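# test case, fold it:
(one chain, ligands or ions: 2)
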Amino acid sequence: MKENTVKIGLLGCGNVGQGVIKGILLHSNKILRKLGITLVVSKALVQDISKERAIEGVVLTQKPQDILDDPEIEVVVEVMGGEHPTYSFIKKALAKGKHVVTANKLLLALYGAELQEIAQHKGICLLYEGSVLGGIPILRTIQYGLAGDQVKKICGILNGTTNYILTQMAESGKGYEEALREAQEAGYAESDPTMDVTGLDAACKLVILCRECFELEIPLEEVEIDGIQGLTTEEVAEQKKQGRVPKLVAEASIIECSSSGPEKGREGIVAKVGVQWLSGEAILSHVSGVDNGLSLETQLVGDLFWKGPGAGGLATGGAVLSDIVEIAKKVVAERSIGNAAR
Ligand SMILES: NC(=O)C1=CN([C@@H]2O[C@H](COP(=O)(O)OP(=O)(O)OC[C@H]3O[C@@H](n4cnc5c(N)ncnc54)[C@H](OP(=O)(O)O)[C@@H]3O)[C@@H](O)[C@H]2O)C=CC1
Ligand SMILES: N[C@@H](CC=O)C(=O)O
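Numbers count the residues shown, from 1 in each chain. Ligands and ions are numbered 1, 2, ... in the order given. As a prediction, the model looks like this:
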């Protein structure tokens, strides 16, 4: 293998997996020019080999060990989704010393702290920029840009599918089912869209954001969750006449301990996801379609706000690719240190 080539194995090659491949294809020249690195997706794990996909040069397999046991693959990218068998695949990859990138918010909400500990112990990377807010590079912003600050409050629209559905209902008078079908066809929805419409997907992202922003764990079952099922086009039209639109809003803040004794400090987190009827003054009321929006209130900077595509193969593929590039830089730098020492 060439010294500047980094081989990648994909676990899953659906919307996001193909977005990653497309991103590498589009930007391989820039990555080579700026970083001197060539990224190669050598293999991808799928369920159905016969499905049509735009993935020239990538070997498809139905055997996870073809990727997990391949010594040339240094970066495993998990974009298949779900809790099982994904959890065991990621653990195996980490155990073998492979860097892991994932966009799987369910898995990260449930096992993120445990998996991060394994990765840290082995001195390898577990990165997951694509798991929250799709294409918006929010985790790196929190980790690096806000490293010297403290987030006090999180408030946002964290699910693209439900925001697309609610926007279609409010702006085009479409029915819930039709709008959901469109979101599925566009590749925004989870393979089981119950995750989206019940608010569970947004809750998983909120758990990850709490971990990043507050450095505190909130178990998924402690998030108060309500979804968008049951909303009717009539109700949406009625509220629209009053100048209000429905948004699935996720909120979390730290509960400060009031005691002034040795227990003084942060007690825990209160977090919830549910529909809010917002008037035009609310910044989140202007976040439409598949876009996500996030407000963070921080101690030093004050109020910050981001908006952009929260789902979709290309947008999320771009976020996943940013993690791959970060890892590839480390892999190539370590190789050249190793070579110099020889
Ligand atoms: N879509 C989006 O906008 C976003 C998705 N994500 C996350 O990214 C991940 C992937 O999403 P997405 O690409 O949309 O999902 P898809 O359903 O489009 O793709 C899933 C891929 O995984 C493969 N797969 C699933 N289960 C297995 C299995 N047991 N063994 C082997 N292969 C398997 C499928 O194979 P086959 O193709 O043969 O069916 C498919 O290639 C999920 O965790 C999702 O939550 C995160 C942010 C945004
Ligand atoms: N199904 C999710 C995909 C991105 O995380 C969503 O719609 O937000």
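# close to ligand 2: what parts of this protein are there?
Residues of the chain lying close to ligand 2 by CB under 6 Å from any ligand atom are Gly134, Asn159, Gly160, Thr161, Tyr188, Ala189, Glu190, Asp196, Asp201, Gly310, Ala311. (Each C-beta comes from the backbone N, C-alpha and C, glycine too.)
# can you tell me which residues contact the nearest residue to Gly187 once chain neighbours are set aside?
Nearest in space to Gly187, with sequence neighbours left out and distances taken as CB to CB, 6 or more residues apart in numbering, is Asn15 at 3.8 Å. Neighbouring residues of Asn15 by CB atoms under 8 Å, 6 or more residues apart in numbering: Gly187, Gly312, Gly313, Thr316.
# ok, so of the residues you listed, who is nearest ligand 2?
Lowest distance from ligand 2 to those (CB to the nearest ligand atom) belongs to Thr316, with 6.3 Å.
# so which residues of the stretch 201-342 of the chain form strands?
For the stretch 201-342 of the chain, strands defined by DSSP state E, counting those that start in this stretch occupy the ranges 224-225, 244-257, 265-279, 291-298, 303-309.
# nearest approach to Val332 belongs to which of those?
When these are compared for distance to Val332 using CB to CB, the nearest one is strand 303-309, at 29.5 Å.
# just the closest residue of the stretch 151-300 of the chain to ligand 1, please.
The stretch 151-300 of the chain approaches ligand 1 most closely through Ser191 (4.3 Å), counting by CB to the nearest ligand atom.
# and what of the chain?
In the chain, no residue comes nearer to ligand 1 than Gly14, which is 1.9 Å away by CB to the nearest ligand atom.
# among the residues of the chain next to ligand 2, name the buried ones.
With neighbours counted by 16 or more other CB atoms under 10 Å, the residues of the chain next to ligand 2 contain buried members at Gly134, Asn159, Gly160, Thr161, Tyr188, Ala189, Glu190, Asp196, Asp201, Gly310, Ala311.
# just to revisit the earlier point, apart from its chain neighbours, what residue comes closest to the residue of the stretch 151-300 of the chain closest to ligand 1?
Gly81 (6.1 Å).
# now do the SS call for the one you found.
coil (DSSP: H, G, I helix; E, B strand; the rest coil).
# residue contacts, Lys7?
Met1, Val40, Ser42, Asp70, Glu72, Ile73, Glu74, Val75.
# can I get those residues in CSV with secondary structure, neighbour count and pLDDT?
Converted to CSV, the contacts of Lys7 look like this (DSSP: H, G, I helix; E, B strand; the rest coil; neighbours: other CB atoms under 10 Å; pLDDT from 0 to 100):
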residue, secondary structure, neighbour count, pLDDT
Met1, coil, 11, 68
Val40, strand, 16, 98
Ser42, strand, 17, 97
Asp70, coil, 17, 98
Glu72, coil, 12, 97
Ile73, strand, 24, 98
Glu74, strand, 22, 98
Val75, strand, 24, 98
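# wait, the residue of the chain closest to ligand 1 sits on Glu78?
No: using CB atoms under 8 Å, Gly14 is not in contact with Glu78, being 11.9 Å away.
# tell me which of those two has more neighbours.
Taking other CB atoms under 10 Å, Gly14 and Glu78 do not tie; Glu78 has more neighbours (26 against 19).
# residue contacts, the closest residue to the more buried one other than its chain neighbours?
Spatial nearest neighbour of Glu78, excluding adjacent residues (CB to CB, 6+ apart): Thr102 at 4.1 Å. Counting by CB under 8 Å, 6+ apart, Thr102 touches Val77, Glu78, Val79, Ile90, Leu108, Leu126, Leu127, Tyr128, Gly130, Ser131.
# just to revisit the earlier point, could you look up the SS state of the residue of the stretch 151-300 of the chain closest to ligand 1?
Secondary structure of Ser191, reduced to three states by three-state DSSP: coil.
# what count of nearby residues applies to it?
11.
# just the one 3 residues further on next, same as before
Thr194 sits with 12 neighbouring residues when counted by other CB under 10 Å.
# surely it and Leu200 touch.
Yes: contact criterion CB under 8 Å: Thr194 and Leu200 qualify, at 7.4 Å.
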